Every structure is written in C-alpha cells, then in structure tokens.
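In: Provided below are the primary sequence and the corresponding predicted coordinates.
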Amino acid sequence: MAISNSTTLASLLPEIVAEAIFTANERSLMRALVRNFTIPAGSGNSIKVPIYPTQAAASANEATAFAGNVVNTGAVAISVGDVGMSTTVSDQAMIGSASNVIADIGGQFGRGIAAKIDEDLCALFANFATTVGAAGTLTGAMIFEAIAKLRTANAPASDMAVVIHPEVAYDLKAGLTNTFVNPNNGISTQVMQDSYVGNLGGVNVYESTAMGITAGGVSVGAVFHKDALGLAMMKDITVESQRESTLRADTLTAHAVYGVSELIDLYGCNLNNTSTI
C-alpha cells in the first residue's frame, strides 16, 4: 500500500525561492542605497568597476581648438564569495502546517541574506577617510557638515543617504523636534519605509542595526552618495533541497554569490557617534 508523506519539497521550491528573493529585496536597506552591478556568467569571480575622474572645462578663443582633456580612469575590483544558510524541516512540520512552513522558510532565508548584505556594506563605513562626530552625540549640525564635505568633493546632490544605528538616531530625533521633512521620493521598499527617520538637507535619513553598536554605545554610521559603495551580484538567492531519510526530514540550503567594496572614498563620510541611551 502506497503511503503519502512529505518526502520531497521539489514542488514547493519555486514558492520558497520566490518568497526568499522577495523578502531579501524588500528587507535589504543598503542594497537600494548603493551602486549595483551584475557579474555575467563566465566572467570570473570578480568585476572591475571603472572610476572616472572629474573633468574641467576651459575657455578658448574663437576658431581655436580646445586643449585635449586626458581621461585617466582608475578601477576598483570587487571579488565575490558564497553566503548562505540552511535549515532542516521535519515531515511532521510539513504535514502539520505546510503553507505556513513554506512562507516561514522563504522569509527566514530572505531575511538572513538581506541582513548579511546590509552588514557587509555597513562594515565599509569605517573605511571612509572623512569622519564627523569623533564619538560625540549625533546632531543635525553634524549631518549638515558631512553633506557639505561631500558636496565640496563634488558628490552629486541626488542619491545621497544617511544610515545610522537606532540608538544613535534617538539622539538625533530628540535634538530635532519637528524639523524633519515628511517621506518623499526614494522610499521604494518596505524596509526603507520602516527604517525612515526623516529628511535633513535634502538627504533621507535611515536607521539600521546592521552596523552594530559597542557596549559603550559607539556606532559608525555614514552619510554617503550611491557611488561611494558597490554591490556586485554574481548569483541571487537560490534554494536547494536534500532528503535526510534517517531524520525523516528535508534540508533546505539557500545561498547567494556577491561581493562589496568601497568605490569612491570622497563620496562617503562616516559618522562616529556615541548614543546616550
């Protein structure tokens, strides 16, 4: 007599993968704030991103040729690596509440990879050569100072963002009563809406725990332009299953292949602040 049970998740994998990808895209704050690149198949495990210097125009007399501009491009190599997670789902769990388990698995995978992407990108904040704050309490004036430094470095006014730890954001919000602008353009994902603090000097401010905070309340956030940091994606989230017959369960493994790097140092300014909480 044939017995039906949850010995395979093959038919459920598309749904799990779709949920994982959706959740990862919706829950990664930093992915939407930095420059994204795709590494084509067969291109090796790294990508070289050209960095173009600012070009200056010059005056010339009528019917006189302009002096030729020499464009020397630099390049930043972004190497990729595997990031992933696994979980084992028992037959009883699948049989008892299949639809909820599927959604939970996809959400878990998506949140896990999204959190790792944000952590890897936020870890680059400390590499910015320009610093504002010097472990002091974050104020609106510090953010305006950082924006001014980036604009002085000719960073475009658009596509700038501020990302700080929630406990650091508390001091900023406590010191600025009703001076934030309501949400505007650029709030495109759920995590951006949930993390949105306000707008200062035309720059959206977000809070995230991805950069961490020390026991003494010190955290390194940043004000940066989109071109300051890069995310190179070779392979977005994939999910595979393997039957563990001795456990009467299936093991699901999700992984992505990506890399992160600083691109233009002058387009970022780290905020080294201490929370009063």
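Out: Happy to help now that I have it.
In: Domain-wise, how is the chain divided?
Out: As assigned by automatic domain parsing, the chain contains the domains 10-52+74-121+230-261, 125-229+264-274.
In: Do a quick rundown of the helices in the chain.
Out: 13-27, 91-96, 98-122, 140-152, 166-175, 190-195 (DSSP state H).
In: what residues does the fifth one touch?
Out: Contacts of helix 166-175 from elsewhere in the structure, counted by CB atoms under 8 Å, 6 or more residues apart in numbering, are 137-140, 143, 164, 180, 197-198, 205, 207-209, 213, 217, 219, 221, 271, 273-277. C-beta here means a position set from N, CA and C on the backbone, and glycine is covered the same way.
In: Just the ones of the residues you listed in strands?
Out: Mapping the contacts of helix 166-175 onto strands (DSSP state E) picks out 164, 197-198, 205, 207, 219, 221, 271, 273-274.
In: nearest to Gln242, of those?
Out: When the ones in strands among the contacts of helix 166-175 are compared for distance to Gln242 (CB to CB), Glu207 comes out closest, at 38.5 Å.
In: pLDDT score assigned to the nearest residue to Glu167 once chain neighbours are set aside?
Out: Nearest residue to Glu167, sequence neighbours excluded (CB to CB, 6 or more residues apart in numbering): Ser275, at 3.8 Å. pLDDT, Ser275: 93.
In: How about Ser46?
Out: Value for Ser46, per-residue pLDDT: 82.
In: excluding its backbone neighbours, what's nearest it?
Out: Ser79 (4.3 Å).
In: Contacts only, for the one you found.
Out: Residues near Ser79 by CB under 8 Å, 6+ apart: 45-46, 259.
In: which ones among those are found in strands?
Out: Using DSSP E, 46, 259 are the members of the contacts of Ser79 that sit in strands.
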